[in-house]
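S.K.: need the 3D shape of this:
(one chain, ligands or ions: 2)
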Amino acid sequence: MNVLLTGGLGYIGSHTCVELLNAGHQAVIADNLCNAYGSVLDYIEQITGKRPIFYECDVQDRDAMERVFTENKIDAVIHFAGLKAVGESCRIPLAYYRNNLDSTLTLLETMERHGCKRLVFSSSATVYGPDNPVPYREDMPCHVATSPYGWTKAMIEQIIRDYVSANPDFSAVLLRYFNPVGAHESGLIGDDPNGVPNNLMPYIARVAGRQLEKLTVFGDDYDTPDGTCLRDYLHVVDLAKGHICALDYAAERTGVDAINLGTGNGVSVLELLHTFIRVNGVDVPYVIGGRRDGDLARCYANAEKAERVLHWKTEKTVEDMCRDSWNFIVKHSK
Ligand code: NAD
Ligand code: UFG
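M.R.: Ligands and ions are numbered 1, 2, ... in the order given. All right, here's what the predicted structure looks like:
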């Protein structure tokens, strides 16, 4: 299958590209490099022995997308491209709505013109909002997002649902990711955020690498076993493999389906931190600070549907996630 990966040089897209190529598919990437480096193409080639076709372009750009679809016969699209920082989305909401919604509309219009009817979309656990009880199930109502970023995901899910209602021969899978962490075992690709990381694992890794002085744990007074928040961390390579299963699923059916990609387990901030310290034999100084605005005490998946319909479940452990995140930092800083 010839698959277009929008945002395919980013963290999740690059790992998915590796799994796609390893599974014998062809990959075309469209990425504007607003949060990625062109060198990731070389790393993908080093890992797989194959180089994806690459377009440096914005998915909002109709002419550029027309060119991608004219020059390649695209069988299916995985739509990763988007801005993803929750805090930033509260400061510059219009940029988030413009980028995330516009890119999706341009993509769907271009797919329609070219008769491409298979889409896998990167949604997020954030669509469950603050009111649903954990573990989150796909049939729970998703009516209240907690940030402009979260709203873009909820709105895009709705846009895709409406499009599928009007086009019953279209097939879309909405993958709701929980907390992807870790890196490819080669250490060549991984999560490499610009500036000070917002997310826990890259922050821990930078403290361990002495690029940051200490971690602040945002609150230890939650109603959880150790007082810190619970999240469903999953290894990015497991997540990437989930996309291959989703492509197969989309090929077998029509309609739209939302599916959680998570482990089904809640792991606390302190558990993740202490596992990182233990498996890597490193020091990670930390202090307990106040709660971060908008954080939920618990966020983890009911992961049964993915196993039932995609025949996918996570294989890697929290130890693997911590080891591979650190390996990426060590290899990358050389
Ligand atoms: P990332 O920032 O590493 O990757 C996104 C890629 O999209 C980047 O390479 C960026 O350059 C590109 N991009 C952004 N806007 C674009 C545009 N208009 N045109 C072309 N390229 C564009 O992020 P990621 O962690 O790999 O996330 C991929 C997707 O998964 C995003 O949609 C994100 O919202 C979603 N998601 C991520 C997480 C997470 O924790 N990482 C969780 C849930 C959902
Ligand atoms: N945390 C700290 N210190 C830090 C960073 C994070 O204690 O320096 C804590 C947070 O308070 C939270 C946990 O670590 O309890 C995880 O935080 P992350 O920022 O890594 O992840 P979130 O669960 O907050 O956010 C993720 C994705 C978002 C998505 C959100 C909701 O990054 O894209 O899940 O699904 F919107």
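S.K.: contacts for stretch 269-286 next, please.
M.R.: 200-201, 204-205, 207-208, 213-218, 220, 226, 228-229, 231, 233, 318-319, 322-323, 325-326 (CB atoms under 8 Å, 6 or more residues apart in numbering). Every C-beta, even on glycine, is put in place using the N, C-alpha and C of the backbone.
S.K.: now intersect these with the strands, please.
M.R.: 215-218, 231, 233 (DSSP state E).
S.K.: what's the closest of those to D139?
M.R.: R231 (21.8 Å; CB to CB).
S.K.: contact partners for the closest residue to ligand 1 within the stretch 201-334 of the chain?
M.R.: Using CB to the nearest ligand atom, V236 is the residue of the stretch 201-334 of the chain that sits closest to ligand 1, at 8.3 Å. Contact partners of V236, counting by CB under 8 Å, 6+ apart, are 11-12, 15, 180-184, 190-191.
S.K.: if you set the cut-off to 7 Å instead, what comes out?
M.R.: By CB atoms under 7 Å, 6 or more residues apart in numbering, the contact list for V236 reads 11-12, 15, 180-183.
S.K.: can you point me to the longest helix in this structure?
M.R.: helix 93-113 (DSSP state H).
S.K.: residues in contact with it?
M.R.: Applying CB under 7 Å, 6+ apart, the contact partners of helix 93-113 are 6, 59-60, 62, 65-66, 69, 77, 79, 81-83, 89, 119, 148-149, 152, 155-156, 159, 163.
S.K.: rerun at 8 Å
M.R.: Counting by CB under 8 Å, 6+ apart, 6, 58-62, 65-66, 68-69, 74, 77, 79, 81-83, 88-89, 117, 119, 121, 148-149, 151-153, 155-156, 159-160, 163, 167 sit against helix 93-113.
S.K.: could you list the buried residues of that helix?
M.R.: 96-97, 99-101, 103-104, 106-108, 110-111 (16 or more other CB atoms under 10 Å).
S.K.: okay, those residues in a markdown table with distance to ligand 1 and pLDDT next?
M.R.: A markdown table is the format used below for the buried residues of helix 93-113 (distance: CB to the nearest ligand atom, whole Å; pLDDT from 0 to 100):
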| residue | distance to ligand 1 | pLDDT |
| --- | --- | --- |
| Y96 | 10 | 98 |
| Y97 | 12 | 98 |
| N99 | 5 | 98 |
| N100 | 7 | 98 |
| L101 | 10 | 98 |
| S103 | 4 | 98 |
| T104 | 10 | 99 |
| T106 | 9 | 98 |
| L107 | 9 | 99 |
| L108 | 14 | 99 |
| T110 | 13 | 99 |
| M111 | 15 | 98 |
